[in-house]
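Enquirer: output the structure for:
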Amino acid sequence: MANQRDFFRVRFHEKVMSVVNLEAERDYEVYIRDISGNGISFFLSKKVEMKKNTFLYVQFELEQRIFELTCSVVRIVEENGEFVYGCRFEGMKESEKANLSSLLFKIDAIRHKK
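Expert: This is a model prediction of the structure:
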């Protein structure tokens, strides 16, 4: 399937990140589904106190670099018995988007060499 979004997305398997619901002051360890230059999606095994437009703080590591970003939930979908939360990064500088996108292209290129 072609990557036809505004930003290139990279899927992940078994990649964990920390999520804090800024409104409910709850934190979760979740599995990342995919990341792009402007957003991230993740899996949870149960539905939790998050709805569309909920603001979250996310922290994840890629290639030994820590990313700490704010995002808002734009969609929640049930998929194979799990809940997928799709989020858009908020307040991210263009330079940060470019750095993240560049790193994602690098990760994808390494995967395709194998």
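Enquirer: would you mark the buried spots in the lengthiest strand in the chain?
Expert: For the chain, the strand that runs over the most residues, judged by DSSP state E, is strand 65-79. Along strand 65-79, these residues count as buried under the neighbour rule (16 or more other Cβ atoms under 10 Å): 67, 69, 71, 73, 76. For the C-beta atoms, the positions are set from N, CA and C on the backbone; glycine is no exception.
Enquirer: which element follows that strand toward the C-terminus?
Expert: Per DSSP states H and E, the first helix or strand lying C-terminal to strand 65-79 is strand 82-90.
Enquirer: so what does that following strand touch, helix or strand wise?
Expert: Applying 3 or more Cβ pairs under 8 Å, 6 or more residues apart in numbering; DSSP states H and E, one finds that strand 82-90 contacts strand 39-44, strand 55-62, strand 65-79.
Enquirer: other SSEs contacting whichever helix or strand comes after it?
Expert: Note on strand 82-90: by DSSP H and E, the next helix or strand toward the C-terminus is helix 94-113. Judged by 3+ Cβ pairs under 8 Å, 6+ apart, the packing partners of helix 94-113 are strand 9-11, strand 26-36, strand 55-62, strand 65-79.
Enquirer: alright, calling it a day.
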